[in-house]
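Attaching a predicted model along with its sequence, questions to come.
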Amino acid sequence: MDFVDIGLKFTYVLLAIGLIAAIVLPLIKALSSDPKSLIKSAMGIAVIVVIYFIGYAMSGSEVTATYAEFGVDSVVSKRVGGLLNAMYILMIFALLGILFTEVSKLAK
């Protein structure tokens with residue numbers, strides 16, 4: 001095992017600690033100070049999950065010969081397509097929100 005392998009494993013451990021801390025610590029703080037704020041967070045996560053399933057339903061499951069060389073099958077292709085479609089949908093919502101904000105500032 002060389003230095004790069006040790007560094008990668010250490011990075012994975014630090015990433016896992018960071019992810020756990022980023023998820024658990026705000027939950028503990030919200031539970032102790034304002035438990036009702038968790039409802040808004042859960043609704044936001046539910047909206048993102050619904051958008052993913054909309055993107056998943058819109059995606060195709062085509063696999064080209066190039067993708068098949070890397071072990072991509074129709075299930076993986078459909079999941080990746082769902083994530084890409086969800087990203088496109090969220091990007092459109094973000095752009096519309098920016099546009100709406102700027103137009104409403106001009107109107108005032």
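Received it, and whenever you're ready, just let me know what you need. Numbers count the residues shown, from 1 in each chain.

Could you use CA atoms for every contact and neighbour count after this?
Fine.

How is this structure partitioned into domains?
Domain assignment for the chain by automatic domain parsing gives 1-34, 36-108.

Mind putting the ones you listed into TSV with mean pLDDT and mean neighbour count?
Shown next, in TSV, are those (pLDDT from 0 to 100; neighbours: other CA atoms under 10 Å):
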stretch	mean pLDDT	mean neighbour count
domain 1-34	91	11
domain 36-108	92	14
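
what helices or strands is the longest helix along the chain leaning on?
Of all the segments of type helix in the chain, defined by DSSP state H, the longest one is helix 74-107. For helix 74-107, the elements it packs on are helix 37-58, judged by 3 or more CA pairs under 8 Å, 6 or more residues apart in numbering; DSSP states H and E.

which residue of the chain sits farthest from its center?
Relative to the mean C-alpha coordinate of the chain, counting by CA atoms, centre = their mean, the farthest residue is residue 108 (34.7 Å).

So it versus residue 15, what's the distance?
Using CA to CA, to the nearest Å, residue 108 is found at 45 Å from residue 15.

Contact partners for residue 78?
Neighbouring residues of residue 78 by CA atoms under 8 Å, 6 or more residues apart in numbering: 56, 59, 60, 61, 62.

On the three-state scheme, the fourth one is what?
When the structure is reduced to helix, strand and coil (DSSP: H, G, I helix; E, B strand; the rest coil), residue 61 reads as coil.
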